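Engineer: When you get a sec, could you give me coordinates for this:
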Amino acid sequence: MDNFGDGPRSVVVVGAGVVGLSTAWFLQERGVAVTVVDRDRVAAGASWGNAGWISPGLAIPLNEPAVLRYGLRALFDRQAPLHVPATADPRLWTFLAKFAAHCTPRSWHRAVRANLPLNEECVEAFDVLTANGVDAPTTEAPITAVFESAAQADVLRRELERLVAAGQDIDYAAVDDVREFVPQASERIRAGIVLRGQRYVNPGWFTESLARSVVGRGATIRHGFDVRSIRRHPHAFSVRSATGQSVSAQAVVLATGAWLGKLGKPWGVKVPVRAGRGYSFTVPTDRPVAGPVYLPDIRVACTPYHGGLRVAGTMEFRGADAALDPARIDAIIASARPLLTGIRWDERSDAWAGPRPVSADGRPLIGATADPGVFVAGGHGMWGLTHGPVTGRLLAERITTGKQPEALREFDPAR
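Structural biologist: Reported below is the predicted structural model:
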C-alpha cells in the first residue's frame with residue numbers, strides 16, 4: 001500500500017453498525033489501532049431493528065427480475081411491501097432507473113455468484129466473534145416459509161433452485177404439516193418450505209456486544225461525530241466532524257450504510273446507494289414461537305424476540321432520516337394478521353424504522369476506493385447483518401495486506 005509500508009497501523013472506521021464494528025474487530029486481530037466514529041451511536045441505524053436473521057440460504061440479491069414487475073404494479077400503493085412515496089427527488093428516480101436496469105437475469109445471476117463466498121463464510125465469521133469475546137449468542141434454527149397455496153410456495157422453491165444451480169449450498173424441503181413447524185400458522189396457510197442450517201440473533205444486543213469487545217481490545221468509539229470531511233495528508237488522513245472535532249489515522253473505512261454515497265463520492269465511489277427503509281415492531285404471543293417464520297408473499301420476517309415476536313418488513317424508498325410512517329406498520333399488520341394466530345397485534349411495541357443501504361446493481365461495495373488509503377464497506381441491502389462479520393474479515397485482510405481477496409473482486413467500490 002502506497003506510503004503505508006506493510007499496511008496502515010491506525011484506521012478510523014466511520015460507522016458503528018455491525019459492518020463497521022466487524023471491520024474494526026478484525027483489524028484489531030491484525031494489530032491495527034482503531035478509532036470508530038458515528039454520527040449518532042452504536043447500532044443507531046439498520047443494525048438495531050432488523051429481523052436478526054443470519055440466513056445465507058435466503059441472501060437473495062434484491063435485483064431479481066420479478067421485483068421490477070412487482071414494483072411497477074405496487075409503486076404508489078401505501079399497503080404494498082415495496083413503496084415509493086410520490087416525490088420530485090430526481091436523484092431517487094435516477095437511482096430507481098439504474099436499479100431497474102439491473103433487474104435482469106444476467107445481472108441478478110452475477111450478484112448471486114458474487115455473494116457465494118460471503119454466504120459460505122458468514123456463519124463461521126460469527127462463530128469467530130462469539131468465541132472471542134462477543135457475548136451475544138447466535139441461535140441455530142430453521143427458517144420456515146409459509147404460503148397460502150402450493151403455487152405460491154413454488155415461486156420460492158424455483159428461486160432456491162436457481163440459487164443452488166448457481167452454486168449456493170441450501171438445505172431446504174417442502175413440509176406437509178406446516179403447523180408442526182409453525183403452530184401459529186392460520187387455516188389459510190396450506191404450504192411451507194423449511195430452510196435448515198440458518199441462525200438468528202438479537203441484532204441490537206449483538207452489535208452492542210461487538211462494540212464492547214472492540215472497546216475492550218483498545219479502541220475508542222466516539223458518538224455524535226457527524227463526519228463532514230476527510231482529507232488526505234502526506235502520511236495520514238484527518239476526519240473532521242460538523243462540530244470541528246478531528247481524528248487522524250493512516251487509513252479510513254467508510255461504513256456509513258445508507259449515507260455512504262455522500263462521503264464516498266469524492267473518493268471515486270460511483271455506484272449509487274439509497275435508503276431502502278425497513279420497519280419492525282415487537283408483539284407478544286400466546287405461546288412461544290419456535291424459530292424464524294418467513295411470509296414471502298408479503299415480504300415479512302418474524303423472529304423470536306424477548307419472549308414474543310419481532311415482525312419486520314417493507315421496503316420504502318424515502319430519505320434515510322425520514323420519520324417513521326405509522327401507516328407502514330399498519331400495512332404490515334393488516335397483511336400478516338390473517339396468516340398467523342395467537343399474536344397480540346394490538347399490543348405492539350418498539351416500533352422502528354431504519355435505512356437499509358441498497359446499491360443500484362444488487363451488489364455491496366467492499367474494498368479500496370480510488371485512493372489506496374480510503375476503503376468502503378456497505379450497500380448490503382437486506383443482508384447487512386448476515387454478511388457484516390465476513391465483510392469485516394475480508395476487508396481487514398485487504399487493508400492490512402494491500403492485496404485484493406478474490407472474494408471481493410466483484411464488490412469493487414470504484415466499479
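Engineer: buried residues in the helix or strand hosting residue 161?
Structural biologist: Assigned by DSSP states H and E, residue 161 belongs to helix 150-165. In terms of neighbour count (16 or more other C-beta atoms under 10 Å), helix 150-165 has its buried residues at 152, 153, 156, 157, 160, 162, 163. From N, CA and C alone the C-beta is placed, and that goes for glycine too.
Engineer: got the contact list for the helix or strand following that helix?
Structural biologist: Downstream of helix 150-165, the first helix or strand assigned by DSSP H and E is strand 171-175. Here strand 171-175 makes contact (C-beta atoms under 8 Å, 6 or more residues apart in numbering) with 57, 144, 153, 157, 160, 181, 191-197.
Engineer: Dump the helix or strand just after strand 171-175 to PDB, keeping only the CA atoms.
Structural biologist: Sequence order places helix 178-181 as the next helix or strand after strand 171-175, per DSSP H and E. Written as PDB, here are the backbone C-alpha positions of helix 178-181 (Å, rounded to 0.1, in the frame of the first residue of the first chain):
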ATOM      1  CA  VAL A 178     -46.800 -26.600   8.300                       C
ATOM      2  CA  ARG A 179     -48.200 -26.400  11.900                       C
ATOM      3  CA  GLU A 180     -45.600 -28.900  13.100                       C
ATOM      4  CA  PHE A 181     -43.000 -26.200  12.400                       C
END
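Engineer: elements contacting helix 178-181?
Structural biologist: strand 143-147, strand 191-196 (3 or more C-beta pairs under 8 Å, 6 or more residues apart in numbering; DSSP states H and E).
Engineer: Now tabulate those strands in JSON lines and tack on mean pLDDT and mean neighbour count.
Structural biologist: Shown next, in JSON lines, are the helices and strands packed on helix 178-181 (pLDDT from 0 to 100; neighbours: other C-beta atoms under 10 Å):
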{"stretch": "strand 143-147", "mean pLDDT": "98", "mean neighbour count": "26"}
{"stretch": "strand 191-196", "mean pLDDT": "98", "mean neighbour count": "20"}
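Engineer: May I see the ones you listed organised as TSV, with distance to residue 414 added?
Structural biologist: Formatted as TSV, these follow (distance: least, C-beta to C-beta, whole Å):
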stretch	distance to residue 414
strand 143-147	35
strand 191-196	35
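Engineer: which other helices and strands contact the helix or strand hosting residue 294?
Structural biologist: Secondary structure from DSSP H and E places residue 294 in strand 293-295. Using 3+ C-beta pairs under 8 Å, 6+ apart, the elements in contact with strand 293-295 are strand 143-147, strand 300-305.
Engineer: To residue 290, which of the ones you listed lies closest?
Structural biologist: Counting by C-beta to C-beta, residue 290 lies closest to strand 300-305 out of those; the figure is 7.6 Å.
Engineer: send the alpha carbons of that closest one over as CSV?
Structural biologist: Taking C-alpha atoms only, strand 300-305 is exported to CSV below (Å, rounded to 0.1, in the frame of the first residue of the first chain):
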residue,chain,number,x,y,z
VAL,A,300,-42.5,-10.1,6.2
ALA,A,301,-39.9,-11.8,8.5
CYS,A,302,-40.8,-12.8,12.1
THR,A,303,-38.2,-13.8,14.7
PRO,A,304,-38.5,-14.9,18.4
TYR,A,305,-37.6,-11.8,20.4
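Engineer: by how many degrees do that strand and strand 143-147 diverge?
Structural biologist: Strand 300-305 runs at 140 degrees relative to strand 143-147, counting by axes from the mean of the first three to the mean of the last three C-alpha atoms, to 10 degrees.
Engineer: Starting from strand 300-305, tell me which strands it pairs with and how they run.
Structural biologist: strand 293-295 (antiparallel), strand 308-317 (antiparallel) (DSSP bridges).
Engineer: got a list of contacts for it?
Structural biologist: Counting by C-beta under 8 Å, 6+ apart, 51-53, 81, 139, 200, 202, 282, 288-295, 309-313, 332, 335-336, 340 sit against strand 300-305.
Engineer: Buried ones in it, by neighbour count?
Structural biologist: Across strand 300-305, burial judged by 16+ other C-beta under 10 Å covers 300, 301, 302, 303, 304, 305.
Engineer: same question for that strand, mean pLDDT?
Structural biologist: Averaging pLDDT along strand 300-305 gives 98.
Engineer: and what of stretch 153-168?
Structural biologist: When pLDDT is averaged over stretch 153-168, the result is 95.
Engineer: mind checking how far it is from the chain centre?
Structural biologist: 21 Å (C-alpha atoms, centre = their mean, to the nearest Å).
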